[in-house]
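only the shape, not the letters, is given here:
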């Protein structure tokens, strides 16, 4: 069985921030299950429920219609690893351990993969300590491949099915078809001739996991980290979907990935219903950053990011504004919409309240549970949201920073770059730079940029701006 590996004992009592968690006694039946669905590089406009007119996503659109859809929600960053770090630790991009897909290692004078610190509290740790059974399936991207203690199974997930990619500097050989179960190479290989896509293969793990634990009394926290529509998901069995369209093959492939993945989300939701857990499950959906332009796909072809400027790796709206909706039967109003401004760091305090524990002190987020429950008058607001991303060794071009404060947005590309100011209420496309008209805002945002970043050894450039 897929779940036959011995579950690793988690030393959660040693996790930083554990002292902030409540020990209030709450029976397991009072807590809902939580299923978190994370897409990979899905743009703001790539679901029908967010305006997509060409690519078909009926399952996700139906799911979104059963809950609350957010219009002004943001990823933790504009690229995979730093965005996922914000999501998993509740720390915004200026405080997160990871601020780029690669960081600088002074001892070896090289750039490479940076992992979360082993003593950082994760969503998995938090939910374990709240009495949840925890599972992670898919792309982790927060680890050192050579250190199993940084993989998902050691970071708060009782059951973890995780991929790895080949790396020249790794001590371990990785084949991207192999799926490691709780850190063990269990010879579970993805065969693209057998499955329509990799997310079908991984959904099978999720269904068997749910069947294995359904008789337990504990609620479960299942984190589905999909690979769709990441550009390097090249192997699909299905070649017929959209074959009749007069599109470039790269665009057919992109559309296929999304529609085939949509079917797998439907399988998971149907299974939750079949085992009688759907009505007692909070389902959260979002994407780790904006839509991409890679491997021949043009993000403008399907309006992947809607009318928003930019795409993956940009801190303009197209790189960080993402679809987000939440579904919870009899709790979240079906067909509702919210313009609340939130971001990935908000999921940790939100799930802490859902799990009925104290919010960890380490988080920079604000619970959005009041908004989910239709209690907007009780919803706290962020003073502003901050992002920074460091791309490579060149600080003049590498560091990009952004702030959203109400309707206002500030962007700076490179340490020497000019500040750009936009009013999103009037100019969501970010085409009219108002910096010359608002020098006081330029000065304010420069101060906020410098006040919002903390030191981290592998990402030094933000501190050179002070």
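Here it is on my side, so go on. What you see is a predicted model, and the numbers here were worked out from it, not measured in a lab.

you'd agree residue 349 is up against residue 367?
Yes. If you go by CB atoms under 8 Å, residue 349 and residue 367 touch, sitting 4.1 Å apart. Yep, even glycine has a C-beta here, placed from its N, CA and C like the rest.

which neighbours do those two share?
Common neighbours of residue 349 and residue 367 (criterion: CB atoms under 8 Å, 6 or more residues apart in numbering): residue 359.

backbone phi and psi for the residue nearest to residue 50 when sequence neighbours are not counted, please?
Nearest residue to residue 50, sequence neighbours excluded (CB to CB, 6 or more residues apart in numbering): residue 323, at 5.0 Å. Main-chain torsions, residue 323, degrees, to the nearest 10: phi -70, psi 140.

kindly report the same for residue 249.
Geometry field for residue 249 lists phi and psi as phi -60, psi -30, criterion degrees, to the nearest 10.

any idea how far the strand or helix carrying residue 284 is from the middle of the chain?
Take DSSP states H and E as the rule and residue 284 turns out to sit in strand 281-287. Average the C-alpha atoms of strand 281-287, do the same for its chain, and the two points are 11 Å apart (CA atoms, centre = their mean, to the nearest Å).

listing partners with orientation, what would you give for that strand?
With DSSP bridges as the criterion, the sheet partners recorded for strand 281-287 are strand 33-39 (parallel), strand 324-327 (antiparallel).

follow-up on the earlier one: touching, the residue nearest to residue 50 and residue 37? I think so.
No. Residue 323 is not in contact with residue 37 according to CB under 8 Å; the separation is 10.7 Å.

can you give me phi and psi for residue 161?
Main-chain dihedrals, residue 161, degrees, to the nearest 10: phi -110, psi 120.

which residues touch it?
When contacts are taken as CB under 8 Å, 6+ apart, residue 161 is in contact with 2, 136, 137, 138, 179, 180, 181, 188, 202, 205.

are any of those buried, and which?
Buried members of the contacts of residue 161, scored by 16 or more other CB atoms under 10 Å, are 2, 136, 137, 138, 179, 180, 181, 188, 202, 205.

now do the last one, the pLDDT please.
At residue 205, the predicted lDDT confidence score is 96.

which SS class is it?
The assignment at residue 205 comes out as helix when based on DSSP: H, G, I helix; E, B strand; the rest coil.

how about the contacts made by the most centrally placed residue in the chain?
Among the residues of the chain, the smallest C-alpha distance to the mean C-alpha position (CA atoms, centre = their mean) belongs to residue 288, namely 3.6 Å. Each residue near residue 288 by CB under 8 Å, 6+ apart is listed here: 38, 39, 40, 41, 75, 76, 80, 83, 84, 87, 322.

distance of it relative to residue 275?
According to CB to CB, to the nearest Å, residue 288 and residue 275 sit 28 Å apart.

got the domain boundaries for the chain?
With automatic domain parsing as the criterion, the domains of the chain are listed as 28-378, 385-465.

Serialize the contacts of residue 288 to JSON lines and add fields for pLDDT.
What follows is the contacts of residue 288, written out as JSON lines (pLDDT from 0 to 100):
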{"residue": "38", "pLDDT": "98"}
{"residue": "39", "pLDDT": "98"}
{"residue": "40", "pLDDT": "96"}
{"residue": "41", "pLDDT": "96"}
{"residue": "75", "pLDDT": "98"}
{"residue": "76", "pLDDT": "98"}
{"residue": "80", "pLDDT": "95"}
{"residue": "83", "pLDDT": "98"}
{"residue": "84", "pLDDT": "98"}
{"residue": "87", "pLDDT": "98"}
{"residue": "322", "pLDDT": "98"}
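
next step: these restricted to strands.
The members of the contacts of residue 288 that map onto strands under DSSP state E are 38, 39.

okay, now the unreliable bits of the stretch 101-250 of the chain?
165-174 (pLDDT under 70).

same thing but 80
By pLDDT under 80, the weakly predicted segments of the stretch 101-250 of the chain are 164-176, 186-188, 234.

which residue ranges of it form strands?
In the stretch 101-250 of the chain, strands defined by DSSP state E, counting those that start in this stretch lie at 103-105, 110-112, 133-138, 159-163, 178-181, 184-189, 220-225, listed in chain order.

mind checking those for the one nearest to residue 381?
Judged by CB to CB, the one of the strands of the stretch 101-250 of the chain that comes nearest to residue 381 is strand 220-225, at 27.0 Å.

so which residues make contact with the closest one?
Residues beyond strand 220-225 that count as contacts (CB under 8 Å, 6+ apart) turn out to be 33-38, 40, 123-124, 127, 132-140, 157, 202-203, 206, 209-210, 213, 268, 351.

all helices for this protein, in order.
In the chain, the segments counted as helices under DSSP state H are 58-65, 80-89, 123-129, 198-213, 249-274, 317-320, 347-354, 369-372, 395-398, 439-451.

turn the ones you listed into CSV, including distance to residue 360.
Shown next, in CSV, are those (distance: least, CB to CB, whole Å):
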stretch, distance to residue 360
helix 58-65, 29
helix 80-89, 9
helix 123-129, 6
helix 198-213, 25
helix 249-274, 27
helix 317-320, 24
helix 347-354, 6
helix 369-372, 15
helix 395-398, 31
helix 439-451, 22
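
which one of the ones you listed lies nearest to residue 406?
Go through the helices of the chain one by one with CB to CB and the one that ends up closest to residue 406 is helix 439-451, at 11.4 Å.

can you name every helix or strand that that closest one contacts?
Contacting helix 439-451 under the criterion 3 or more CB pairs under 8 Å, 6 or more residues apart in numbering; DSSP states H and E are the following elements: strand 385-390, strand 399-405, strand 408-413, strand 420-423.

could you list the paired strands of the first one along with their orientation?
Using DSSP bridges, strand 385-390 pairs in its sheet with strand 399-405 (antiparallel).
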